[in-house]
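Enquirer: Sequence first, then the predicted structure:
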Amino acid sequence: MSGVLVLNASYERLHYVSLPHAVRMLVRQVAVVEEAADGRPLGPWPRPKVVRLLRYVTMRWRHKTRPAWSRRGLLERDDHTCAYCGARASTVDHVLPRSHGGVDSWLNTVAACQRCNQRKRDRTPAQAGMPLRRTPFIPSWEQMLGH
């Protein structure tokens, strides 16, 4: 995972931000460095890997919406494991291919290894004779942030 992890004042995971954003948070004194990464310090602070907010932030929005689909989120949801063979996955496969009307969504995509993705090609799992090992699902915020 790239970026700097932001923790709430209660040490609950919130999200990741870029290194420049994390430095701005330190300058504004809204966060402190909880864990430092290797590298040169940034002014008076060690290079942050994890920062913690000094005030608690209520996250009502998390309970109203689900995480938006993203390639990175999908690979994390599936733990970088191929949905067809169980090997290490690095690509995204559309269960219903785009050419057949499939879209980028949590319920239509799974993580796949390069070999299985090429073998399945432009077919459904049934057409390719490649059953899914697990059913795609919409993850919660807790699942996406590793709780």
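Expert: Arrived safely.

Enquirer: The residue nearest the centre of the chain: what's it in contact with?
Expert: Nearest to the geometric centre of the chain sits residue 73, at 3.2 Å (C-alpha atoms, centre = their mean). Counting by C-beta atoms under 8 Å, 6 or more residues apart in numbering, residue 73 touches 67, 139, 144. (C-beta placed from N, C-alpha, C; glycine too.)

Enquirer: For my notes, confirm residue 49 occurs in a strand.
Expert: Yes. Counting by DSSP: H, G, I helix; E, B strand; the rest coil, residue 49 is found in a strand.

Enquirer: quick one: contacts for the closest residue to it other than its chain neighbours?
Expert: In this structure, residue 49 finds its nearest non-sequential neighbour in residue 37, 3.9 Å apart by C-beta to C-beta, 6 or more residues apart in numbering. Neighbour list for residue 37: 46-49 [criterion: C-beta under 8 Å, 6+ apart].

Enquirer: Most neighbours of all these, which one?
Expert: Per-residue neighbour counts (other C-beta atoms under 10 Å) across these peak at residue 48, which has 24 neighbours.
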